[in-house]
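> After the sequence you'll find the predicted model.
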Amino acid sequence: MSDAAPPSDAAEPEHTAGRDAAARDAAEEESAFSHPPVDPDATAAYGDHPDQVIDFYAPRGPGSAAPPVLAPLVVVLHGGAWRAPYDRRHISPFADFLARRGFAVASVEYRRGADAPDRPGEAPVAGRWPDTFDDVAAALDALPALARQALPQADPGRTVLTGHSAGGQLALWAAARHVLPADAPWRIDGPAPLRGVVALAPIADFAVAEKLDVCGGASRQLLGGQKQFPLRQPYADPALLLPTGIATTVVQGRTDVVVPQAVAESYAEAAAKAGEVVGLTLLESAGHFPLIDPAADACAVVAEEIAQLAW
């Protein structure tokens with residue numbers, strides 16, 4: 001017989017709430033992943049590695065067939081904790097959803113962690129240093145020329161970055177390359193010509209994410225482990241790369257148990273301390289996955305946030 005005291009009456013509602021939240025998250029994930037992948041209209045390479053490609057989706061919303069207005073270009077960076085099993089195919093229905101809203105869409109693939117985990121039973125390692133960041137920087141640098149060739153309906157002069165979860169971190173990072181440390185290989189001289197960033201449940205503050213063990217310590221793995229984490233954090237953590245001077249909105253579900261609301265709030269607070277206002281749109285009764293689920297109301301909110309920056 002255990003010496004532990006029986007649970008109090010107060011513990012049961014907390015346990016039940018946690019169970020309900022996990023069940024809700026699982027249902028939302030199942031819905032988001034239930035849509036069949038949507039093939040792009042074109043694919044272009046920005047490097048020699050098989051993962052160094054961009055899928056392009058032509059605008060096909062109401063009026064998209066009419067001349068002569070070019071469509072804003074939305075660059076999508078997928079999530080999946082920077083881990084190999086999750087590639088751009090899972091976010092292709094979201095890319096198609098945006099295309100059907102009249103946007104030109106570029107969905108970027110990039111190198112992620114190793115295919116196999118370090119030890120049996122563990123999740124695959126998150127990300128590759130510096131390859132993941134090399135790829136996102138190279139893709140964004142190559143994008144205007146590639147878009148003009150592959151998607152003549154797009155206007156690269158009206159580009160909005162969006163990304164989900166780990167992809168939200170990459171979108172925020174890509175918009176902050178001009179404020180990277182001086183010795184960073186990805187640093188550029190001035191702000192990228194962007195209309196803005198819409199980050200969806202982003203892993204936007206690595207310190208908070210590590211405290212909450214977001215995605216099983218994915219941000220720590222991305223930077224190469226505990227020893228490298230504090231050395232590389234200034235080169236990768238969006239919360240440390242502020243202010244950017246680029247319009248930024250974070251969309252976050254209040255019931256998100258994958259990347260909790262506290263991460264987004266901490267990023268917004270860091271921006272405010274740096275003298276920058278970051279929009280924070282909190283969605284009631286939405287978790288992590290409805291933001292990229294075309295069947296969810298939250299996805300329409302995301303499209304509207306993008307439109308407010310793009311048009």
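Sure, I can see it. Numbers count the residues shown, from 1 in each chain.

> where do the helices sit along this structure?
Secondary structure of the chain by DSSP state H: the helices cover 11-32, 92-100, 131-150, 166-174, 206-211, 218-222, 229-232, 261-273, 297-310.

> I'd like those as TSV, with mean pLDDT and distance to Leu194 appended.
(Each C-beta comes from the backbone N, C-alpha and C, glycine too.) Conversion of the helices of the chain to TSV gives the following (pLDDT from 0 to 100; distance: least, CB to CB, whole Å):
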stretch	mean pLDDT	distance to Leu194
helix 11-32	83	26
helix 92-100	98	16
helix 131-150	97	9
helix 166-174	98	9
helix 206-211	98	22
helix 218-222	97	23
helix 229-232	98	24
helix 261-273	98	16
helix 297-310	98	9
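
> Arg195: which of these is closest?
Closest approach to Arg195 among the helices of the chain (CB to CB): helix 297-310, 4.8 Å.

> one step back: pick the most deeply packed of the helices of the chain.
helix 166-174 (a mean of 30; mean count of other CB atoms under 10 Å).

> Figure out how far it is from the centre of its chain.
Offset of helix 166-174 from its chain centre (CA atoms, centre = their mean, to the nearest Å): 5 Å.

> Make a markdown table from the helices of the chain and add distance to Thr43 to it.
As requested, the helices of the chain are arranged in a markdown table below (distance: least, CB to CB, whole Å):
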| stretch | distance to Thr43 |
| --- | --- |
| helix 11-32 | 23 |
| helix 92-100 | 11 |
| helix 131-150 | 8 |
| helix 166-174 | 18 |
| helix 206-211 | 32 |
| helix 218-222 | 26 |
| helix 229-232 | 31 |
| helix 261-273 | 32 |
| helix 297-310 | 22 |
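
> Quick one: closest of those helices to Pro191.
Among the helices of the chain, the nearest to Pro191 by CB to CB is helix 166-174 (11.2 Å).

> Need the residues that contact that closest one.
When contacts are defined by CB atoms under 8 Å, 6 or more residues apart in numbering, helix 166-174 is touched by residues 75-82, 91, 110, 126-127, 132-133, 136-137, 140, 161-163, 192, 197-204, 215, 218-219, 222, 236, 238, 241, 248, 250, 267.
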